[in-house]
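just to be clear, the model below is a prediction. Sequence and coordinates:
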Amino acid sequence: MQILLHSDPNTDGSHLMAEHLQAVVKTAMGRFGERVTRVEAHLSDVNGQPKSGDADIHCTLEASLKGLDAIVVKDHAGNAHQAIEGALRKLKRAVGAEIAKHDPRGHRSRPAVPAAESE
């Protein structure tokens, strides 16, 4: 999976942020295997100033899926790490739902545990 980071001049686009993004995206999206081919992150500061306030950092994540349309989610927070985490939570749900919707077996990839087995 290819993971790309784009940032405006007022957000952290450093090598360390790119490494953090790589780690959290691989962890979050790893369960989808090769179905997710690329994730692009766009970080921006709404105010356009180096010093940001509450929820000024926006993170847009775009995931490219094999054979399906790309999925785009957005989140905002007080810092880049929180914005990325929020957007990743949304992306996991959206990608899981999209893959399940197109599952040829007609059910989700993780089968439900019957009540008798869960006791």
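It's in.

what segments of the protein are helices?
Under the criterion DSSP state H, the chain contains helices at 15-29, 80-101, 115-118.

give me the residues contacting the first one.
In this structure, residues lying in contact with helix 15-29 by Cβ atoms under 8 Å, 6 or more residues apart in numbering are 1, 3, 5, 7, 36, 39, 41, 43, 63, 80-81, 84-85, 88, 91-92, 95. All C-beta atoms are positioned from the backbone trio N, CA, C, and that covers glycine.

return a PyMOL selection command for the buried portion of those residues.
Of these, the buried ones can be selected in PyMOL as follows, counting by 16 or more other Cβ atoms under 10 Å:
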select buried, resi 1+3+5+7+36+39+41+43+63+80+81+84+88+91+92+95
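
ok, back up a step: export the helices of the chain to JSON lines and append columns for distance to residue 74.
JSON lines is the format used below for the helices of the chain (distance: least, Cβ to Cβ, whole Å):
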{"stretch": "helix 15-29", "distance to residue 74": "16"}
{"stretch": "helix 80-101", "distance to residue 74": "6"}
{"stretch": "helix 115-118", "distance to residue 74": "36"}
